[in-house]
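In: Predicted model and sequence follow; I will ask about them next.
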Amino acid sequence: MSGLGRWSLWTGLGLVVVAVVCVALTLVPVGVIAGVLGVVALGIAGYDAIYNALDRAELRRRAARAERERGQGHRPGS
């Protein structure tokens, strides 16, 4: 997860906690705004985590393909 993803994760969790506390204190408008912003931040963190996981999987696939080709003595274009 990148720095932006980590920042979004912790900010989102903090805002969701603030939203729950605000709703418990009957500060509903503040709670709704904090909750919406928290969910958006958590969505950004989730997207970032999935993007990085897919990128790592693609690198592993490329490395495995290169290793197979190197092991078979395969030359590109022949």
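Out: Perfect, I can see it now.
In: ok, now how distant is residue 60 from residue 50?
Out: When distance is defined by CB to CB, to the nearest Å, residue 60 is 16 Å away from residue 50. Using the backbone N, CA and C atoms, a C-beta is placed for each residue, glycine as well.
In: what do you get for residue 21?
Out: 29 Å.
In: quick one, helices of the protein?
Out: Counting by DSSP state H, the chain has helices at residues 3-24, 28-72.
In: looking at the ones you listed, which is buried most?
Out: Counting by mean count of other CB atoms under 10 Å, helix 3-24 has the highest mean neighbour count of these, with a mean of 15.
In: Give me the mean pLDDT for that helix.
Out: For helix 3-24, mean pLDDT rounds to 92.
In: Does anything pack onto that helix? Which helices or strands?
Out: helix 28-72 (3 or more CB pairs under 8 Å, 6 or more residues apart in numbering; DSSP states H and E).
In: Just want the angle from the helix it packs on to helix 3-24.
Out: Here helix 28-72 runs at an angle of 150 degrees relative to helix 3-24 (axes from the mean of the first three to the mean of the last three CA atoms, to 10 degrees).
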